[in-house]
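Peer 1: Give me coordinates for this.
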Amino acid sequence: MFTPGRARKPASRVKERESYGGGEVAATPKSVVPLPYVAPSRALPSPWPSPAPNAARPSPAPTVPRASVVRNSDKAATADGNHPVFVCDLPQQLLSSHGDATFATQPEGAVLQGGMDQGSGLSWILQGNQLYVWNNLRSSQRCVLDMPPLGTISTEEKWFVSLVPHWTDENLEVQYKGCSAVSVVMCSSKSLALVYWSDAFSNGDKPAITSMDSEDTSMLDDGSRSSRRASGGWTEGSGTSEVTSIQASATGSQTTCVAIVSRADGELWRFDCCADGVSRERISRDATSSEVGYSIFLSETCSVRRIVWRSPPRGASREFLLLTSQSIECWEVELTLRGNVSKSWVYELSNDKDVMSDFSGQKQVWLLDLQVDEEGEQLVMLTASFSSGSTTYMQYLLHYFSCSSKREPKRKAPPQIILPKAQVEEESFFYSMRLRIGGQPAGSVVILAEDGTATVAHVGRSGAVHLYKFEIVGGDGKVLDASVVPADDGGAWIVLTEQAGVWAIPAKVVLAGRVEPSERNLANHEISYPSINDDRSQHVSGEALALQRSSSEAGDNPDHGMISRPSQDEEAEAIVGRLFQQFLSSGQANEAFEKLLRAGAFERDGDKNVFARSSRALVDTFAKHWASGGGSGLAMVATVSSQLAEKQRRHQQYLNFLAVSKCHVELQNNLRAALNEILEHGEKLASMVALRELNNSRAQLKPASPTMLSQFNGGDMSGAIWDLVQLVGDKARRNNVVLMDRDKMEVFYTRVSGLEDFFWCIQQHAAFLVQRDQAVRVQIERACELANACRTILQVAISYRDTQQAWYPSPEGITPWHCKQNVRSGLWKIATMLLELKVEGDMSEPTLTAEVMRQVEEIADFLLEGYAGAITAKVEREEEYRGLQMEYWTRRDLLLTALQQHAFQVATQNAGRGENAEQQRLSILQKLYAPLIALARRHAAFPSLLQMCTDLDDQKRLRTLMKESMGLKEGRFSRFVFDQCYQQGQYARLLRFGEEFGEEVSAYLEQHPLLLWLHELFLCRFTRASGTLHTLAFSQKSAPLNISHRRRLLQLAKLSALAGGAVGAEEEVSRLEADMDILAVQEVATKLGVLGEDVVQPVQLVEACLNSGSRELTLCAFRVFTSAGSKFCSGNYSLLEQAWLRAVDQDDWLGMKRTSEEEGWTEDHTMQVIQDSLLYQASRHCYGESHLSNFARDVSTESVEKVIAKHPSYSEAGQAMVTAFRLGFYFGSDLPDGSQDGDSEQMVEI
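Peer 2: Residues are numbered from 1 along each chain as shown. Coordinates of the predicted model:
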């Protein structure tokens, strides 16, 4: 817990979220993009190192059987559990949002915070505008609540959440089975807006009740504020007071509850929440002497720390305790609508001599948190104190008080010192810490820090305090809160994590993993650290989950659980060290392989392998002497350089030992991850040496760079790299108290295996490394200095890998260290920082722009290679990679677009003027684009490749790139070019690509048939073009086509079929002609307004024609029958019968008969009138014009005459009707006599 040498701004990740558990949780906005493990930037100081950042974690599949939380009856079955046990996963909707491919592009404002309710098994997480509430012990109780619109109030603010369980019975068994209902109260930390759900599980789908006070409650009237200042009650800064705590209680009704809210300036508010609405009232609270006087408790931050319930909700009232900067206040609230709130007593710590004696010698004391046991009689308070003398350090203590009835608390025992000497921190860090009590082992507590770590403190039988740090291998998010499993005598601790769900910590795990807090003068040796086993426990029957043993690695002895490494590993590691020393002295390794095989040295892979641990011990060894303090800069440089050189020599000797002893072969074949870890230590050593040399050369070149004199104060002790080295060393010291006396520079150059932290600190502390209040030139120089350091580290590491390639195992499924999240995040931060400075530099420092973009280009190369390596490893391990791939594509296109635009701008500015200006511009652009095209080719950056070829007007290069096999998994580059041409309407250009890419264009145009037939004609595939045109003519999905266009397409299809001359072309032509006839009928119907432009089925077309009443369309209906074929006629016989009867209806046959009799028509006139009838025209069309047609063969004349005989007028005018029909049949007949009779038997009767 050390800070840099000069004042720095808070780290972004530290400020991203403050998670408050139990009845209250507050958090700042944070992106919910899932990140791999990031070692904490701030934490409760611990005597163990952080887990390896590359440890893997199984994906959170919700269908995997889960382990369960233990009841009393199950304790015997789980008594041997030595590992934290997985309890339940996060809600499926939340997991789905984490795995969403679009997730990588979500805005930075997405909020994620969470907490647990003490004693009810309820947990919650707030992400964005959705609140997830679920019961850890009952899978049936879970819901998702949508935040209501809050006007100008954003969900990005801190929100304090309190869950109010409603019990139907107070016995423990009922609590374990779950509460009957849950109310939810949320309060905004800034605006004091309140959101209330009366029953989340039952009425979660109903809108929430909100309370938005019209008055700005964050500002007090001038009178009240001035009076408070006069009395010393609050400080001047209370005008921006924020909420510090919230507690809500049930009132006996499941639809109502009472909430108490405290603010930093000492204000108290009461909210009465019910189904009808929410009312609020400010509680009158006078300033106490503890808030006025100046003492060791004085704080300028806030006077109210926490609210905790003292008693359970029994009766009509309930007591709560208020922790202030110097006192504990007890208040009583009536659990009725607008009930009274009154103060019962005040306990001032400064008036208790016993308590003040505990703080003797301390310069300042902070009261951090307060917790009460279930009976309300035992209080536990967490404090931090500052001591200043010959040495400056912090202490963390637990104070115990007894509090019975209405009396004030009494000091019960001397405080327990959790950490005797720790790093000095700021107040904001102290106040983020939370205390939880009540879990097993009895008397243990959990302390939650702002970085998401949870530390269990337990007092052993000897009276010494032991610590257990809960961490997740792979770093699956922070610990949001902790609680206790309901049980008679206190259950196991359970913790809610940001991404890994809920885990339980059995008492045996805490006992097995205890580590005594370290003093500053402890020996500098590493202590084994705990981690969650990768394998989750097996599922057992019953709704309650049982804590079970999750691994066979821990022995039966509780002192050798999962925390302490198995004795077999320790023995094997000792044997490795002894055999290595023998090899150094004799140059031989006789029977070393057999000895190590018997010792079990080859049983574990990865960083836990004994060979990997021995390698890490070599590269992380501290020197016995270190030139620091008053030592000169040259002495420090010499010490660093000599130490790194010695480590390199030793590591190479270690590799030779592995080769001579034949261990390398076994590692290369069966333990690839362990061997890769060993060789990566060599990479990091080489990179560290190169970084040291870069620093040396930078110090030597200082006089030659007048513009950078402002960054140097002498020697090598300044600059961005120096500041970054201090930050990385400080981070390592915070994570391991045994390093507290070591110099930060020593820690950095010694902890070689943690080189990834170099990039992590860039991402987290960019605002400190390159400060915005500095001159733009200084900012650019510092950013380029960091970029140059990163480039040097990665370049040397990759060069080492290339040189030592024969030593490396097969890379399948292994993610190199320089491809991991920490490194990528740091590189991306530098790249974006340089791009921002480039915009500012264009206006104020244009001469530095070229150097900035050169650094961006080099960083982009390493960053994109890192993404490619990480994605490849995920694919090989068959893990989900889509989210990472989307992030890769987005950042790739952003960087290349920026580089391309800069190159285009430079070429335009330097081209000059005149006739050769364009040629000069293209020549310059060609040189500038060459490395960018190579970079884009390696990473399949299709948009950039196409744009650069377009800028260069280089079609030859474009076609060459299109022929390459780029992006087989993402789609070939040629297909991307086709798609861009189509989207931009460059159809001619797209079709011209068919000259070289015939098959690829054909495959692409399958989804664009409007262009496909043209391409097929170009390829002389006439028959396929005919089929495409035929399909397109009747397609409803293509672009809007009118009937005339469709007929023209059919005509083109007919010509293509004739040109193709394939087998069956005549039949295809006949079908096309029939379809053209049918479309001709619809065209007539369309012109008459009967139908629209959309193609209809033949049945619908006939019905529309017959129902129109039009003489012309009625005749057209017969054209459809003759064109559609025999199957259509036989399948629609009733419709054909209706058509003949409609044809008869079109003429007045009775009137014709009367007129002919009255006027005495001649035979010629009668014939003329009959030929004008529609029946005659229909008969002629169906039979007379083509007696050999399918219709004439399929429909007999006798069947038609039978239909005509059904007409109502047939009895009087039937002879004329039959005459008209027969005349049409025999009109121009070329059939021989008797042929009709002979064929009639084959005709279909209607």
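
Peer 1: Between the two ends of stretch 393-412, how far is it?
Peer 2: 26 Å (Cα to Cα, to the nearest Å).

Peer 1: Could you shift the numbering so residue one becomes 888, and keep it that way?
Peer 2: New numbering, starting at 888: the last item is stretch 1280-1299.

Peer 1: Any buried residues in it, and which?
Peer 2: 1280-1288, 1290, 1295-1296, 1298 (16 or more other Cβ atoms under 10 Å). Where C-beta positions appear, they are placed from N, C-alpha and C, glycine not excepted.

Peer 1: again with stretch 1867-1874
Peer 2: Buried-residue list, stretch 1867-1874, by 16+ other Cβ under 10 Å: Gln1867, Cys1868, Tyr1869.

Peer 1: Now tabulate the residues you listed in a markdown table and tack on distance to Gly1001 and secondary structure.
Peer 2: Formatted as a markdown table, these follow (distance: Cβ to Cβ, whole Å; DSSP: H, G, I helix; E, B strand; the rest coil):
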| residue | distance to Gly1001 | secondary structure |
| --- | --- | --- |
| Gln1867 | 45 | helix |
| Cys1868 | 49 | helix |
| Tyr1869 | 47 | helix |
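
Peer 1: Sort out which one of these lies nearest Ala1135 for me.
Peer 2: Taking Cβ to Cβ as the measure, Gln1867 is the one of these closest to Ala1135, at 57.5 Å.

Peer 1: what's near enough to touch that closest one?
Peer 2: Leu1833, Gln1873 (Cβ atoms under 8 Å, 6 or more residues apart in numbering).

Peer 1: cool, Ile1701 as well?
Peer 2: Per Cβ under 8 Å, 6+ apart, neighbours of Ile1701: Arg1559, Ala1560, Asn1563, Ala1760.

Peer 1: on contacts alone, who are the packing partners of whichever strand or helix holds the third one?
Peer 2: In this assignment (DSSP states H and E), Asn1563 forms part of helix 1559-1587. Contact here means 3 or more Cβ pairs under 8 Å, 6 or more residues apart in numbering; DSSP states H and E; on that basis helix 1559-1587 packs against helix 1497-1506, helix 1520-1547, helix 1550-1557, helix 1607-1621, helix 1663-1690.

Peer 1: Buried residues in the biggest strand by length in the chain, which are they?
Peer 2: Secondary structure assigned by DSSP state E gives strand 1297-1309 as the longest strand of the chain. Along strand 1297-1309, these residues count as buried under the neighbour rule (16+ other Cβ under 10 Å): Arg1298, Pro1302, Gln1303, Ile1304, Ile1305, Leu1306, Pro1307, Lys1308, Ala1309.

Peer 1: Make sure the fifth one is actually in contact with Leu1285.
Peer 2: Yes. With contacts defined as Cβ atoms under 8 Å, Ile1305 counts as touching Leu1285 at a distance of 6.2 Å.

Peer 1: list the residues that contact both of those two?
Peer 2: With Cβ under 8 Å, 6+ apart, Ile1305 and Leu1285 have common neighbours Ala1344.

Peer 1: Give me the pLDDT value at the residue lying closest to Ser2060 once chain neighbours are set aside.
Peer 2: Residue nearest to Ser2060 in three dimensions, not counting chain neighbours: Asp2034, with 4.5 Å by Cβ to Cβ, 6 or more residues apart in numbering. Looking at Asp2034, its pLDDT stands at 87.

Peer 1: Distance-wise, check Asp2034 relative to Leu2061.
Peer 2: Counting by Cβ to Cβ, to the nearest Å, the separation of Asp2034 from Leu2061 is 6 Å.

Peer 1: Looking at the two, which has the bigger crowd around it?
Peer 2: Applying other Cβ atoms under 10 Å to Asp2034 and Leu2061 shows that Asp2034 carries more neighbours, namely 22 against 19.

Peer 1: List phi and psi for the more buried one.
Peer 2: phi -120, psi 150 (degrees, to the nearest 10).

Peer 1: what does Gln1834 give?
Peer 2: phi -70, psi -40.

Peer 1: next one: Val1343
Peer 2: The phi/psi pair for Val1343 (degrees, to the nearest 10) is phi -90, psi 120.

Peer 1: Can you report how many residues neighbour it?
Peer 2: 27.

Peer 1: one step back: what pairs with the longest strand of the chain, parallel or antiparallel?
Peer 2: strand 1279-1289 (antiparallel) (DSSP bridges).

Peer 1: For Pro1296, which non-adjacent residue is closest in space?
Peer 2: Phe1288 (3.8 Å).

Peer 1: ok, Glu1727 touching Gln1661?
Peer 2: No. Counting by Cβ under 8 Å, Glu1727 stays clear of Gln1661, with 11.5 Å between them.

Peer 1: contacting residues around the residue nearest to Pro1296?
Peer 2: Here Phe1288 is in contact with Gln1265, Leu1266, Val1267, Met1268, Pro1296, Lys1297, Arg1298, Lys1299 (Cβ under 8 Å, 6+ apart).

Peer 1: tell me the contacts of the fifth one?
Peer 2: Which is Pro1296. Contacts of Pro1296 by Cβ under 8 Å, 6+ apart are Ile1215, Tyr1234, Leu1266, Phe1288, Ser1289, Cys1290.

Peer 1: so when I look at Glu2085, I'm seeing a helix, right?
Peer 2: Yes. Judged by DSSP: H, G, I helix; E, B strand; the rest coil, Glu2085 forms part of a helix.

Peer 1: since we're on it, how many residues are nearby?
Peer 2: Glu2085: 13 neighbours (other Cβ under 10 Å).

Peer 1: Now Ser1473, what are its backbone angles?
Peer 2: According to degrees, to the nearest 10, Ser1473 has phi -110, psi -20.

Peer 1: how close does it get to Glu1533?
Peer 2: With Cβ to Cβ as the criterion, Ser1473 and Glu1533 are 21 Å apart.

Peer 1: Give me the more crowded residue out of these two.
Peer 2: Each of Ser1473 and Glu1533 has its neighbours counted (other Cβ under 10 Å); Glu1533 has more, 13 against 9.

Peer 1: ok, now how distant is that one from Leu1505?
Peer 2: Taking Cβ to Cβ, one finds Glu1533 at 10 Å from Leu1505.

Peer 1: ditto for Gln1984
Peer 2: 82 Å.
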